[in-house]
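> Give me the fold of what follows.
(2 chains)
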Amino acid sequence: GDSVTQTEGLVTLTEGLPVMLNCTYQTIYSNPFLFWYVQHLNESPRLLLKSFTDNKRTEHQGFHATLHKSSSSFHLQKSSAQLSDSALYYCALLGYKLTFGTGTSLLVDP
Amino acid sequence: EAAVTQSPRSKVAVTGGKVTLSCHQTNNHDYMYWYRQDTGHGLRLIHYSYVADSTEKGDIPDGYKASRPSQENFSLILELASLSQTAVYFCASRAGAGGDEQYFGPGTRLTVL
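Alright, predicted model coming up:
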């Protein structure tokens, strides 16, 4: 079945440094949608960005990601971390159903 | 603005008791979902529904039942609550077409003692 792998459980960064959260996926579905959801403390997850198109950069709120079907990856990046970026980030795959990864907690220190 | 509400927002239940978590959406969405969230496991799908009066098993359905009496309402039922079911439960809805966004409710914190 479908699966999403987020290798880092916790990423700790200093404010101003670049962010990269890894996401790889497996599916037999040839045209999956990939999503990044963000969940701040004591809130519910909300959509950060999504992509369907191979090799096209998608941007939202300073974050960006590019779907690479050749490597089954959809890594989340940001050029400069802010304190307010501290949150739990989920990568999700929509093949035949929506499947979430286990999440990566991002902690940005001053 | 898409809206998903859940009740109760928190609940303490006794082991062996029955618990019903309710979810209501005003998005006119076809798909509704129940997830549980545990540290280290992320969001795990319990049950989902794509039409009223029908439910489907998700990845971890054991110990849970679901009911979708109308398009707007989706309930999660724990007939015999157990300690291992202590978690935060999220309801979500999605239109169901392609890459539509999934909207989450505020969550219910369930503690089983």
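> List the residues that contact residue 103.
Let's take chain A. A:6, A:9, A:39, A:88, A:89, A:90, B:42, B:43 (C-beta atoms under 8 Å, 6 or more residues apart in numbering or on different chains). C-betas here are computed from N, CA, C, even on glycine.
> sorry, should have said chain B
So residue B:103 contacts B:2, B:3, B:4, B:25, B:27, B:29, B:92, B:93, B:94 (C-beta under 8 Å, 6+ apart).
> does it belong to a helix or a strand, and which?
For residue B:103, the enclosing helix or strand under DSSP states H and E is strand B:102-104.
> mind checking how far the most centrally placed residue in chain B is from residue B:13?
Central residue check for chain B by C-alpha atoms, centre = their mean: the C-alpha nearest the mean position is that of residue B:34, 2.7 Å away. Note on residue B:34: its distance to residue B:13, by C-beta to C-beta, to the nearest Å, is 16 Å.
> do residue B:85 as well
Here residue B:85 is placed at a distance of 8 Å from residue B:13 (C-beta to C-beta).
> cool, and residue A:63?
Distance from residue A:63 to residue B:13, by C-beta to C-beta: 38 Å.
> and if you look at residue A:53?
Going from residue A:53 to residue B:13 by C-beta to C-beta gives 46 Å.
> These two: which has the busier surroundings?
residue B:13 (17 against 12; other C-beta atoms under 10 Å in any protein chain shown).
> Can you give me every residue that contacts that one?
By C-beta under 8 Å, 6+ apart, the neighbours of residue B:13 are B:19, B:78, B:81, B:110, B:111, B:112, B:113.
> So which of those reach chain A?
For chain A, no contacts are drawn from the contacts of residue B:13 by C-beta under 8 Å from any C-beta of the partner chain.
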